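[1] Take this sequence and fold it.
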Amino acid sequence: MGPLLPLFARERAAGRALALGLLLHTAGSTYRKPGALILIAAGGEYAGLISGGCLEGDLREHARKVIETGAPTFVRYDLRSPDELLFGLGLGCEGAMEILLLYTGPKNAWQPLAHLAEALTAHTATAIGVITESTKPEAPIGTLALPPGAARTSVLAIPAVESALARAASERRVGWVEGEEGTWKLFVLPLALPPRILLLGAGPDAVPLVDLAARLGWKVTLVDHRPAYAVASHFPAAASVILARAPELDRALALDDFAAAVVMSHHLPSDLAYLRALAASAIPYVGLLGPAVRRDRLLGELGADAQRLRRRLHAPVGLPLGGRTPEAIALAIAAEIHAFLHGAAGSGVLETALTSVAK
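    Below is the predicted model:
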């Protein structure tokens, strides 16, 4: 949703309707997977990607009709055979996809985007549903299902649908719900909340890491005990910059809200206090900047608290990509966090050092 917000806010303020594209099905090799979104304005400008920019030009021609009529429409692309060259696309992507274009504008209170944008701003998990097949006149294709309490009451406000929305919001996975005897079919889409990342140390080498994180859509909070470093104007892409002493970290922030934390203050007593606070938290990824000898010293001073970091501590932080510049180090750190967040191989966890400290 993040990349869609500026275009949505602009067109909504101007009172202009848009078309929301929702990727429902894919087969073969495709750039995006089910649940991907694209937002298209009446003038043809779009935000978000369904393909690598190959299909968006054609898709916005269909979007104009949806905006004009208000009627949803399916658009299908099958690029798995040489026949697709006849359409002038010539992509060779070897995949197929089905996209549902929905009207969103004044006539339907800007839903479902209004609900998703509000939840994203509040960083609240949610999910929506869209009818994709139906024999019920009261619930035609394009009918929305929103959670209880949303601004617009859903036609499908029934327990099975509400349970599916709650489950998708919790598990953050797309899914399907079918009505009795196949009378309708609902595609359920959870809101993908951006991960919250905590950087403990706001020195100059944190600048490229914040910039990379922002490009990935992460929400970064920086903390530093030095007034000259904890300056919001130094990090315009950060969600917040906080001036606080390291021993007060657990009182200044709700630590368990973060998906990852990186300790990089270059100040030994502060790093020790940060690690002690993080050991008591449930943050699943904890990175520590610096060489192994510094890591071992800090772990030794942590004592029993070091074991509470077991299976979570990445030290030295970052994938071994090579390079020593702040930008290269930032790339290595961002890459390791990204791999960890997505369950990819290559995100190693420290074991040996913690075992040796325990002994």
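[2] mind saving the C-alpha coords of the top helix by length along the chain as PDB?
    Looking across the chain with DSSP state H, the single longest helix is helix 326-341. Output of helix 326-341 as PDB, limited to C-alpha atoms (Å, rounded to 0.1, in the frame of the first residue of the first chain):
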ATOM      1  CA  PRO A 326      29.400   3.200   5.200                       C
ATOM      2  CA  GLU A 327      27.300   2.600   2.100                       C
ATOM      3  CA  ALA A 328      28.700  -0.900   1.600                       C
ATOM      4  CA  ILE A 329      28.200  -1.700   5.300                       C
ATOM      5  CA  ALA A 330      24.700  -0.400   5.200                       C
ATOM      6  CA  LEU A 331      23.900  -2.600   2.200                       C
ATOM      7  CA  ALA A 332      25.300  -5.700   4.000                       C
ATOM      8  CA  ILE A 333      23.200  -4.900   7.100                       C
ATOM      9  CA  ALA A 334      20.000  -4.200   5.100                       C
ATOM     10  CA  ALA A 335      20.500  -7.400   3.000                       C
ATOM     11  CA  GLU A 336      20.900  -9.500   6.100                       C
ATOM     12  CA  ILE A 337      17.800  -8.000   7.800                       C
ATOM     13  CA  HIS A 338      15.800  -8.400   4.500                       C
ATOM     14  CA  ALA A 339      16.900 -12.100   4.300                       C
ATOM     15  CA  PHE A 340      15.800 -12.600   7.900                       C
ATOM     16  CA  LEU A 341      12.400 -10.900   7.500                       C
END
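[3] Just the buried positions in that helix, please.
    Residues of helix 326-341 classed as buried: 329-338, 340-341 (neighbour count, 16 or more other Cβ atoms under 10 Å). In short, each C-beta sits where N, CA and C put it, glycine included.
[4] what does stretch 122-137 give?
    Per 16+ other Cβ under 10 Å, stretch 122-137 contains these buried residues: 125-132, 134.
[5] Go through the residues you listed and name the one nearest V174.
    Nearest to V174 among the buried residues of stretch 122-137: A127, at 8.9 Å, using Cβ to Cβ.
[6] quick one, phi/psi of that closest one?
    Main-chain torsions, A127, degrees, to the nearest 10: phi -150, psi 160.
[7] ok, now how distant is it from P194?
    Distance from A127 to P194, counting by Cβ to Cβ, to the nearest Å: 16 Å.
[8] quick one, strands of the stretch 151-300 of the chain?
    175-178, 184-190, 196-200, 219-224, 240-243, 260-263, 285-288 (DSSP state E, counting those that start in this stretch).
[9] Now do the buried residues in the second one.
    Applying a neighbour-count criterion of 16+ other Cβ under 10 Å, the buried positions in strand 184-190 are 184, 186-190.
[10] chain center to it: distance?
    Averaging C-alpha positions (Cα atoms, centre = their mean, to the nearest Å) puts strand 184-190 20 Å from its chain's average.
[11] Report the strands that pair with it, each with its relative direction.
    strand 127-134 (antiparallel), strand 175-178 (antiparallel) (DSSP bridges).
[12] Same list (these) but as JSON lines, adding mean pLDDT and distance to V223.
    Output for the strands paired with strand 184-190, formatted as JSON lines (pLDDT from 0 to 100; distance: least, Cβ to Cβ, whole Å):
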{"stretch": "strand 127-134", "mean pLDDT": "94", "distance to V223": "32"}
{"stretch": "strand 175-178", "mean pLDDT": "92", "distance to V223": "38"}
